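In: sequence unknown, structure follows:
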């Protein structure tokens, strides 16, 4: 499982986040998604730790805590929803012509 970390400063780095969470256990991975168009950090990230107990300790300590001028939102990350295809288009008529 991983931890969702929201309301991050746009200046935060993976190293910053690793150091903050390392106080509560071993950090296995940090992800900071960026905007595809601007390349700018999106203000949230994900932290994966060595065990559920370490993640729980980090969440308890950091959720609502002020860090880098922002009040953090820290909780268990929810699994990404499969959005599937948009399904738009021509409603099942795959290129054929309709006859009335």
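Out: Yep, that arrived. Computed from a prediction, not measured in an experiment: that's the story for all the values here.

In: Okay, and the beta partners of residue 70?
Out: With DSSP bridges applied, residue 70 shows beta-bridge pairing to residue 67.

In: That one reaches residue 6, doesn't it?
Out: No - at 9.3 Å, residue 70 does not count as touching residue 6 under the criterion of CB atoms under 8 Å. C-betas here are computed from N, CA, C, even on glycine.

In: Run through the strands of this structure in chain order.
Out: When secondary structure is read from DSSP state E, the chain shows strands at 3-6, 27-31, 44-49, 66-67, 70-71, 73-76.

In: now those strands in TSV, with mean neighbour count, mean pLDDT and distance to residue 58?
Out: Formatted as TSV, those follow (neighbours: other CB atoms under 10 Å; pLDDT from 0 to 100; distance: least, CB to CB, whole Å):
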stretch	mean neighbour count	mean pLDDT	distance to residue 58
strand 3-6	21	98	6
strand 27-31	16	97	9
strand 44-49	20	97	7
strand 66-67	12	96	12
strand 70-71	13	96	16
strand 73-76	15	97	7
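
In: Take the ones you listed and write them to JSON lines, including distance to residue 16.
Out: As requested, the strands of the chain are arranged in JSON lines below (distance: least, CB to CB, whole Å):
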{"stretch": "strand 3-6", "distance to residue 16": "11"}
{"stretch": "strand 27-31", "distance to residue 16": "9"}
{"stretch": "strand 44-49", "distance to residue 16": "10"}
{"stretch": "strand 66-67", "distance to residue 16": "9"}
{"stretch": "strand 70-71", "distance to residue 16": "12"}
{"stretch": "strand 73-76", "distance to residue 16": "14"}
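
In: Out of the ones you listed, which is closest to residue 20?
Out: Closest of the strands of the chain to residue 20 is strand 66-67, at 6.5 Å (criterion: CB to CB).
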